[in-house]
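Peer 1: need a structure here:
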Amino acid sequence: TPLRVAQALALSAALLLLLLHARVSSLSPGVEADPASARLSPPCVVMFDNRPAPAPRTPQDFAQLPYLSLAVATNSLYARMHGYRFLFYNFSDGGCRHPAIPDKDLPMTWCKLAVLEDVFFRGRHGPPCELAMLLDSDAV
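Peer 2: Coordinates of the predicted model:
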């Protein structure tokens, strides 16, 4: 049923976040922390979509918000609570573009690669991420 699929996806996302947290917060016995690694950015939780994700402006707006807005808010709050950076790439205004081809929109299926390249190498939204978890836009 759709509910079981949603529950399985939520459990999978939670397990991935736990693994992400465990990898970042633990060192192997006998390994000292490298001072250079202390300057690395915290892990990143990344989402992207080509649908608008408006933020609520009044309490009445909550009843009419699209699911994507609620997913972005929930995952952003989770990331903040655990000390992760949250990055949301929204392509609803102009499509997805790569710096090598600035005058042509990429198909949405290729946007995931453009997002990951930006997250790990370009860092338009802060320092590049050392570790990132890419969530589907319907993950909560």
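
Peer 1: where does the closest residue to residue 65 other than its chain neighbours land on pLDDT?
Peer 2: For residue 65, ignoring the flanking residues on the chain, the nearest one in space by CB to CB, 6 or more residues apart in numbering is residue 56 at 5.9 Å. For every residue, glycine as well, the C-beta is placed using N, CA and C. Residue 56 carries a pLDDT value of 77.

Peer 1: wouldn't residue 56 be in contact with residue 62 here?
Peer 2: Yes. At 5.4 Å, residue 56 counts as touching residue 62 under the criterion of CB atoms under 8 Å.

Peer 1: identify the contacts common to these two.
Peer 2: In terms of CB atoms under 8 Å, 6 or more residues apart in numbering, residue 56 and residue 62 are not both contacted by any residue.

Peer 1: the more surrounded of these two?
Peer 2: More neighbours surround residue 56 than the other of residue 56 and residue 62, with 14 against 11 (other CB atoms under 10 Å).
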